[in-house]
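[1] Build me a model:
(chains A and B)
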Protein chains: 2
Amino acid sequence: MTKPADGRKRVVIEGVDPEIDAGRFPAKRIIGDAVRVEADVFADGHDKVACYLLFRHEGDDTLHRVKMEPLGNDRWRAAFQADKLGNYFYTVAGRVDHFGTWRSDLLKRLEAGQDVSLDLQTGGKLVEQAARHAEGKDAVQLADWAQTLRTRCHAEDTKVLALDADLAEMMERHADTAFETRYERELRVVVDPTRARFSSWYEMFPRSAAIPGKHGTFKDAESRLKNIAGMGFDVLYLPPIHPIGHSFRKGKNNSVTAEAGDVGSPWAIGSEAGGHTAIHPELGTLAGFQHFSAEAKRFGLEIALDIAFQCSPDHPWVKAHPQWFRHRADGSIQYAENPPKKYQDIYPLDFESEDWAALWDALKGVFVFWIEQGVRIFRVDNPHTKAFPFWEWCIAEIKRDYEDVLFLAEAFTRPRVMERLAKVGFSQSYTYFTWRNTKQELTEYMDQLFGTDVKEYFRPNFWPNTPDILPEQLQIGGRPAFISRVVLAATLGTNYGIYGPAYELLENVPTKPGSEEYLNSEKYELKAWDIDSQKSLAPLITAVNRARRENAALQTNYELTFHPVDNPYLICYSKRSAECENTVLVVVNLDPFHVQAGWVELDFSKLGLDAREPFQVHDQLADKRYLWQGTKNYVELSPVEIPAHIFRVMRRIRTEKDFDYYL
Amino acid sequence: MTKPADGRKRVVIEGVDPEIDAGRFPAKRIIGDAVRVEADVFADGHDKVACYLLFRHEGDDTLHRVKMEPLGNDRWRAAFQADKLGNYFYTVAGRVDHFGTWRSDLLKRLEAGQDVSLDLQTGGKLVEQAARHAEGKDAVQLADWAQTLRTRCHAEDTKVLALDADLAEMMERHADTAFETRYERELRVVVDPTRARFSSWYEMFPRSAAIPGKHGTFKDAESRLKNIAGMGFDVLYLPPIHPIGHSFRKGKNNSVTAEAGDVGSPWAIGSEAGGHTAIHPELGTLAGFQHFSAEAKRFGLEIALDIAFQCSPDHPWVKAHPQWFRHRADGSIQYAENPPKKYQDIYPLDFESEDWAALWDALKGVFVFWIEQGVRIFRVDNPHTKAFPFWEWCIAEIKRDYEDVLFLAEAFTRPRVMERLAKVGFSQSYTYFTWRNTKQELTEYMDQLFGTDVKEYFRPNFWPNTPDILPEQLQIGGRPAFISRVVLAATLGTNYGIYGPAYELLENVPTKPGSEEYLNSEKYELKAWDIDSQKSLAPLITAVNRARRENAALQTNYELTFHPVDNPYLICYSKRSAECENTVLVVVNLDPFHVQAGWVELDFSKLGLDAREPFQVHDQLADKRYLWQGTKNYVELSPVEIPAHIFRVMRRIRTEKDFDYYL
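    Take a look at the predicted model:
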């Protein structure tokens, strides 16, 4: 082993956090976040070290330095503000702090009453060296101080000078960095718009927005915007809006033969009317879509388009680019299969095609087309059946040119695959929340998502239902289950969504027992929804979304804490905002059939409360207030009322007068 | 972002284990170990993947391939045998297994009774491609099979051929690796001699081996070898054997002024008689040392030398290389300090010297000198006060030329510093075991050492005492504490050591209450030890070391499991050998004052036992046998007897006759 260029670089830097897969992938943050970086920094022996977080925005040539603060046990921390979208690069540097060591030793010697004249001279030498690195006024000042330390080392006031804060500050500024160690990797964090972390999604089929029996258009769907925005949603997600294929079109209830008039599945993309950059003629025109988008924006709703990279046999690409598909031994194009099941209405794309590079360009082109129509959010269908290197390239390319675009990965598959999609660039991801019902399941799953490194790059989006999934809990649990599941999704998750109006109208009939498919699913037919129905959960959902908007704690997941309850059907958790000025405590009854009661045992350290004082909790759903005291408090939740509390924990404000109030 | 060279490499490899700091440091193993490597390997979609562990010894040009086996959840594992000392390099490769996918799909189609003639033709194309990669007989055979699959696709026996194991095996051998993904890093494992993991150390001052009042020599120390080897130790560690300085020599009990005749501390190294490559004249000559080493080897004892890189003011380097030391403002050499304390008998070396490269060479030269005298183990004093880059270079240099040399780091300092020393190359490390006494302390500490990645590179060596540390537990607990602490050290640790004869003779008087210094410490004076004393723990230690030698379970730490006991003073743990043919269960009474009894609750899955059958445990210390049954068993340990059990868990062997026996 050859010696290093300079063996005198004594500082070690390791354990930098966040760092995903040795820096292979970026961590994710949103605009305005303080990006906190920690590292283990130390040297041999007893010398003090000084260390710095170095960072720059990709569009910035200057590397900024922030001094790191010690957390104990050789751990250091600093932060920088992410005030621009796009990529920031960061790393850590450290050096032995000779002046700091000298100063700290001097203090100890003075306290022990030792003669320090020689030590003051030694300090003078250090200051003299710094003077040589400095320029202008600083150089003069340092040289002056050095002179005093060396020549007046027996004077009492020189001891005072030696410990002067200005001297320490200037020595820090002109420290010798010749032996500074730089961490071996430059790391990256990608900064997204706020909606990447905090968003409330509503999925609807625009074709069901017309009067019963008629195929809805974008125009019809515009009439639904007020209702959806009124419930407090901010992302409106549409299933694919492209032309639907005719060959092997699926009939009602996923029948393999369509009858005349059957509208087909929007995921069988492409017909003579066009492919992924065309609009299904029955929905309207591109101009109609643009008008719809503009209207949605007016209501504060961002449109999310569903991009499903698969083709019906009638898709223009089948004829124009047959090399993008796999071919069977008889020359025919390979349809989708999960042997022995066959899906002849769908042709998957072949990511091992020799023409892969052109295919990648075409797929990226689909996103760019819709981005140019003003779309900023894409819900990507089954991204796990397309090659990972494609996504990494495609998302990087798009975000280079349009840094505010977001991608939601619809991959309900194995954990490592879902995590990899998040690593390669997806902004949000569907999750297993849909099937996590018990207290243990929920607690363990949240710990996997928020208690590990996964939280650095995987942003969950919780859905209690989707057009593909009507979970058993909703089928059986009815209204109380619909309430508790939407409260859980909206408070455990900062991103959540529902497929409506099926959700608020409590649609819960499956095709058959044991199936999670909706009976008469909207995927294959037009539906008429009575959105003004008395039974609608719209008022409850409105209250949930209001609580989310009004409580910063519900917009972050970095402080999710579960508190024990002595009843397995009651789950209790709290969240705090980044600056801890807002705390929310949620209690949910997971049993849709019985009143459940129990004692919650609060971890006061996570609530910012003083254990000796009573405190007020304000239920954001029922608008009721309770006075609580101590760590143990009683809760009772009935399925016939609202089986959940979303408490804001009020801070007691002491006044000079004879009353207190809560904030 | 530019596209990759080939976007068709669809397989992802991540989460490779072991991997220390992104491959910056090697994992550690001993000769004969199976080096187990795991990784997450997967592709998009539903295609099967095949993956391989690739490895080679540093002296070997060929990269060997071992097929990895699936563990579920996209995790794969394979192993290779470490049959040579030195470095092995390894990585992981993976590809989409097209033939395996086709074969598995074919099976499903056949089971569903579908027509597979087209599928057989598709398979024929795959086999034909493989034939093109193959040569000789294999090529002919594959081409023949391809022909059958393509042309006789309607024949029944072709279905049988398609699923033929020989065909699958040959397709695997000639698989197309054009789109194979290689993990981005090549990782390293360093393979050491067995003693790196399994060693029993005995520390002694040879100068105390003579008749009382006389300075012992190597010759005198030879008379102690039989006794030490008889107790079952295999490493004999000597404090520094170099000339001791005169300037500022410490007197008895660390007095700052030595009296005439005071022998000084062996760690104040260097005098007119020489430095780190010389021998203290009062111990003998180099020839005397060599005779002593040879005798020790004859008794199965390997000598470990103490290397302390610091100099007395009389060390030859002080005059010859003053630039290797720091200088004070008045030109004098800086002695060791921990302000306000001063250690004027010691000059530290300056790792920021401009002449650092020559200093590094000289220090390395010290090791090489002793290696050439036959020494193979070094106990390095305070390595954490020397620069880490020096150790990384020095140990790598030495192990390149002498791969069987071992280094024990004597660093009782902060966790990150101790871990870093292990990462940069130290073979073994002192630990905090010396101060971990309660069940909770011991359990938590073992979890830090063996339950995290630390186990991959940090090999603990547990010492219940050292010449510097007489722990409170031994001072107060007396004989029962001496027994329980040595049993804990020897069974929790695979490497352990004692400082004797102080240990076996139960020396437990500190200089003053609250101090961990021995009264009349051997560090500063000659001691007369009555090694034949009736109170000696030698018989107990002999039994402990025998149990270690005879039970492979005590030579590994990869299966250390703690079992609950309903008494906080009783600790219970088990270990299994790598092949699980030996299981040891240890129970220790941590209370040196009272009889403690309780029920242990065994985790049978870690003991390889059948819960329905009684089993025998054989105490290796008291040579008593017990018949136990079920997971709950009663234990009672008295401090006036042996307050510990080291049970071998016997396996019941059923015979055809009317009796069973235990193995």
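[2] give me every residue that touches residue A:474.
    Residue A:474 is in contact with A:464-465, A:481-482, A:485, A:508, counting by Cβ atoms under 8 Å, 6 or more residues apart in numbering or on different chains. Backbone N, C-alpha and C define where each C-beta goes, glycine included.
[3] What does it show for phi and psi?
    Residue A:474 adopts backbone torsions of phi -80, psi -40, taken as degrees, to the nearest 10.
[4] pLDDT wise, what is it at?
    Looking at residue A:474, its pLDDT reads 98.
[5] same for chain B: which of the contacts of residue A:474 are within range?
    With the criterion set as Cβ under 8 Å from any Cβ of the partner chain, no member of the contacts of residue A:474 is near chain B.
[6] Distance to residue B:549 and secondary structure for those - can I get that in a markdown table?
    A markdown table is the format used below for the contacts of residue A:474 (distance: Cβ to Cβ, whole Å; DSSP: H, G, I helix; E, B strand; the rest coil):
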| residue | distance to residue B:549 | secondary structure |
| --- | --- | --- |
| A:464 | 62 | coil |
| A:465 | 64 | coil |
| A:481 | 63 | helix |
| A:482 | 67 | helix |
| A:485 | 61 | helix |
| A:508 | 68 | coil |
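[7] now these as CSV including neighbour count and pLDDT?
    Listed next are the contacts of residue A:474 as CSV, based on neighbours: other Cβ atoms under 10 Å in any protein chain shown; pLDDT from 0 to 100:
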residue, neighbour count, pLDDT
A:464, 25, 98
A:465, 26, 98
A:481, 25, 98
A:482, 25, 98
A:485, 27, 98
A:508, 21, 97
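[8] With distance to residue B:469 as extra columns, can I get those in JSON lines?
    Converted to JSON lines, those look like this (distance: Cβ to Cβ, whole Å):
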{"residue": "A:464", "distance to residue B:469": "60"}
{"residue": "A:465", "distance to residue B:469": "64"}
{"residue": "A:481", "distance to residue B:469": "62"}
{"residue": "A:482", "distance to residue B:469": "65"}
{"residue": "A:485", "distance to residue B:469": "59"}
{"residue": "A:508", "distance to residue B:469": "69"}
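[9] hey, C-alpha coordinates of the lengthiest strand in chain A in CSV?
    In chain A, with assignment by DSSP state E, the single longest strand is strand A:86-96. Extracted C-alpha coordinates of strand A:86-96, given in CSV (Å, rounded to 0.1, in the frame of the first residue of the first chain):
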residue,chain,number,x,y,z
GLY,A,86,-34.0,20.9,-8.0
ASN,A,87,-30.8,19.3,-6.8
TYR,A,88,-28.6,20.3,-4.0
PHE,A,89,-25.2,18.7,-3.5
TYR,A,90,-23.6,18.4,-0.1
THR,A,91,-20.7,16.9,1.7
VAL,A,92,-18.7,17.3,5.0
ALA,A,93,-15.2,18.6,5.7
GLY,A,94,-13.3,18.5,9.0
ARG,A,95,-9.9,19.5,10.4
VAL,A,96,-8.1,19.3,13.7
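[10] just checking, what packs against the helix or strand hosting residue A:419?
    According to DSSP states H and E, residue A:419 maps onto helix A:415-424. Counting contacts by 3 or more Cβ pairs under 8 Å, 6 or more residues apart in numbering or on different chains; DSSP states H and E, helix A:415-424 is packed against helix A:388-401, strand A:406-410, strand A:428-430, strand B:12-17, strand B:34-42.
[11] angle of the longest strand of chain A against helix A:388-401?
    90 degrees (axes from the mean of the first three to the mean of the last three Cα atoms, to 10 degrees).
[12] State the next helix or strand along the chain beyond strand A:86-96.
    With DSSP H and E, the next secondary element past strand A:86-96 is helix A:98-111.
[13] does chain B sit close to that following helix?
    Yes: shown here: helix A:98-111 in contact with chain B (Cβ under 8 Å from any Cβ) through A:105, A:108-109, A:111.
[14] The residue in the stretch 451-600 of chain A that chain B sits nearest to: neighbour count?
    Ranked by Cβ to the nearest Cβ, the top residue of the stretch 451-600 of chain A for proximity to chain B is residue A:453, at 11.1 Å. Neighbour count of residue A:453, defined by other Cβ atoms under 10 Å in any protein chain shown: 14.
[15] Same check on residue A:133?
    Residue A:133, neighbours per other Cβ under 10 Å, totals 15.
[16] Spatially nearest residue to it (excluding sequence neighbours)?
    In space, and not counting its chain neighbours, residue A:133 is closest to residue A:174: 4.9 Å by Cβ to Cβ, 6 or more residues apart in numbering or on different chains.
[17] Tally up the residues packed near the one you found, please.
    Neighbours around residue A:174, by other Cβ under 10 Å: 19.
[18] So what angle separates the directions of the longest strand of chain A and strand A:12-17?
    Using the same axes, to 10 degrees: strand A:86-96 against strand A:12-17 is 150 degrees.
[19] all strands of the stretch 301-450 of chain A, in order?
    A:302-308, A:310-311, A:336-338, A:341-343, A:347-348, A:377-381, A:406-410, A:428-430 (DSSP state E, counting those that start in this stretch).
[20] Nearest to residue B:563 among those strands would be which one?
    Residue B:563 lies closest, by Cβ to Cβ, to one member of the strands of the stretch 301-450 of chain A: strand A:428-430, at 40.3 Å.
[21] Paired strands for that closest one, with orientation please.
    Strand A:428-430 has the following strand partners under DSSP bridges: strand A:406-410 (parallel), strand A:460-462 (parallel).
[22] what kind of secondary structure is residue A:296 in?
    helix (DSSP: H, G, I helix; E, B strand; the rest coil).
[23] From residue A:424, how far out is it?
    29 Å (Cβ to Cβ, to the nearest Å).
[24] what does residue A:256 give?
    Relative to residue A:424, residue A:256 is positioned 35 Å away (Cβ to Cβ).
[25] for the residue nearest to residue A:491 when sequence neighbours are not counted, which residues make a bridge with it?
    Counting by Cβ to Cβ, 6+ apart, residue A:491 lies nearest to residue A:586, which is 4.7 Å off, once chain neighbours are set aside. Assessed by DSSP bridges, residue A:586 has beta-bridge partners residue A:573, residue A:646.
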